[in-house]
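Student: sequence-free structure coming up:
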């Protein structure tokens, strides 16, 4: 079973959704005037020149397959995803802008998508205290009468008050314990796993966002980063838990996934489901008791998933070199377009 899980991981990270966009994005300058601290993370960090060591965290997100299946819930999820990504680097989310990309609004079904997506965006921004301060639209996006997937792209910005108190998403230290923050119900509806592996493209049951939980988990993560407890933090989104763990790996550091901590009767769904409001964090083993106490005090659900090891992703008795996975992930677009 573990070998099958790793084979599925290889398939997913080679899908266009999850393949590295490095070949495309690194053709452009992300270091204009040298104020970009990093563009490699859940949110980019750009220095604020005020002499007070502050920075802005910036991200853009949307999951069109969610919006197509359920425009209202998909609109909520797009906002929550930016909120999560900004929190994952330690910044406080401030506001959003949007770009509403849809087909021909003169068609009732397209107008319905627009209206419901806007209602979802409105609900999320109000409940997260994360206002919409600007936006634009791009309509009539069709080819031969067929509309693009509805894409209400959300751009979020947050404030990092101290550049020294931030988190990256890559594993930093051998032996760090790895935990998931949030509920792992194994929701596979509208997931990339369901589409690519189960070959089901009809399910419209997208993972819904509990906005109260979203806010609580994000505040917990920001508190951990502020206190310097964690070395790494990454949100879980497209592809689910195991894909997010891969994204945290480097050529020198991997992860030993301990399935005994997870629901082994529902393991495939737990590893590849796209439940919302979740983060992965890694921290020194000596801080585990402190981490657990803070989580209990904050009434946040956590589960241990493993620890940081050298160079491999390991599940039970099977493993794969991170180098092999990176090659699969980074070669997709270069092989297609170069």
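Tutor: Cool, the structure landed. Only a predicted model underlies this, so the values are computations on that prediction, with no experimental measurement involved. Numbering: from 1, shown residues only.

Student: can you point me to the longest helix in this protein?
Tutor: Counting by DSSP state H, the longest helix found in the chain is helix 108-127.

Student: Now the element after it, going C-ward?
Tutor: Note on helix 108-127: by DSSP states H and E, the next helix or strand toward the C-terminus is strand 132-138.

Student: what packs against that next one?
Tutor: Packing partners of strand 132-138 (3 or more Cβ pairs under 8 Å, 6 or more residues apart in numbering; DSSP states H and E): strand 92-101, helix 108-127. For the C-beta atoms, the positions are set from N, CA and C on the backbone; glycine is no exception.

Student: who wins for proximity to residue 23 among the ones you listed?
Tutor: strand 92-101 (23.4 Å; Cβ to Cβ).

Student: Which positions within the closest one qualify as buried?
Tutor: Across strand 92-101, burial judged by 16 or more other Cβ atoms under 10 Å covers 93, 94, 96, 97, 98, 99, 100, 101.

Student: Run through the residues that contact the first one.
Tutor: Read that as residue 93. By Cβ atoms under 8 Å, 6 or more residues apart in numbering, the residues touching residue 93 are 82, 83, 86, 87, 128, 130, 156, 157, 158, 218.

Student: Which strand or helix spans the first one?
Tutor: Pointing back at residue 82 there. Using DSSP H and E, residue 82 falls in helix 71-88.

Student: quick one: that helix to strand 92-101, angle?
Tutor: 140 degrees (axes from the mean of the first three to the mean of the last three Cα atoms, to 10 degrees).

Student: Helix 71-88 - what's its average pLDDT?
Tutor: Helix 71-88 shows a mean pLDDT of 98.

Student: gap between it and the chain center?
Tutor: 9 Å (Cα atoms, centre = their mean, to the nearest Å).

Student: now the angle between strand 132-138 and the helix or strand harbouring residue 154, please.
Tutor: With secondary structure defined by DSSP H and E, residue 154 is part of strand 151-160. Orientation check (the same axes, to 10 degrees): strand 151-160 against strand 132-138 gives 150 degrees.

Student: which other residues reach the next helix or strand after strand 151-160?
Tutor: Toward the C-terminus, strand 151-160 is succeeded by strand 177-181 as the next helix or strand (DSSP H and E). For strand 177-181, contacts defined as Cβ under 8 Å, 6+ apart pick out 217, 220-221, 236, 241, 245, 255, 278-285, 288, 291, 295, 300-308.
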